[in-house]
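Chemist: the sequence isn't on hand, but the structure is:
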C-alpha cells in the first residue's frame, strides 16, 4: 500500500542512498539544449513508486506521479507536475545504463554491509576474520573468532 508517509520516507532514504553512492546528476539531455527541469533522481524515484504500486503502463506511472507529486519533489523541485509525454521520454532514455546502475548499487551494498552478507553458491567474496582451512572444515574444527559460519559451505 502506498501512502504519502511512505513516499516521504522512501524519498529521504533514496536521496541519502544516491548521495552515498555519488550518483551522477544529469544536467542536460545531449550536448546542447536547456538544462533539465526534472532531475534524474526524481525520475528514478518515480520508477521506485511505480514498482511499489505495481504499475506497468506509462499512463499509470504518470497518474501515480501526479497523485504523490508534492511528496516526491519535496523542497528541492519547485516545478509543475511532469507531462505524461515527457515522463515517458525521460524514462526511456535514462542517464545511466542498467549495467552502471547495477554496478553502483552492488558497490554500495558491499561497502556498507557487515559480515552477515549472504551470497550465492560458489560466489567469490572476500572473507572477514580468521582463516578457516579446508582441513579444519573437514575435521569439524572452527577457528576461534569465527561466527555466523556456513558449515556446509565449500571452496571453489
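Modeler: Thanks, I have the structure now. Note that the coordinates shown come from a computational prediction; the quantities given were computed from them, not determined experimentally.
Chemist: find the least confident helix or strand in the chain, judged by mean pLDDT.
Modeler: Taking mean pLDDT, DSSP states H and E as the measure, the helix or strand of the chain with the lowest value is helix 98-112, at a mean of 61.
Chemist: max-length helix in this structure?
Modeler: The residue-count maximum for a helix in the chain (DSSP state H) belongs to helix 4-20.
Chemist: distance of residue 145 from residue 137?
Modeler: For residue 145, the distance to residue 137 (Cβ to Cβ, to the nearest Å) stands at 15 Å. Yep, even glycine has a C-beta here, placed from its N, CA and C like the rest.
Chemist: what does residue 22 give?
Modeler: From residue 22 to residue 137 the distance is 39 Å (Cβ to Cβ).
Chemist: low-confidence regions, the chain specifically.
Modeler: Within the chain, the stretches with pLDDT under 70 are 26-36, 94-128, 153-156.
Chemist: which stretches of it form strands?
Modeler: Using DSSP state E, the chain contains no strands.
Chemist: same for the longest helix of the chain, what does it pack against?
Modeler: helix 40-52, helix 69-73, helix 98-112 (3 or more Cβ pairs under 8 Å, 6 or more residues apart in numbering; DSSP states H and E).
Chemist: how many neighbours does the residue lying closest to residue 131 once chain neighbours are set aside have?
Modeler: Leaving aside its sequence neighbours, residue 131 sits nearest to residue 143 (Cβ to Cβ, 6 or more residues apart in numbering; 7.1 Å). Residues near residue 143, counting by other Cβ atoms under 10 Å, number 12.
Chemist: next: residue 136.
Modeler: 13.
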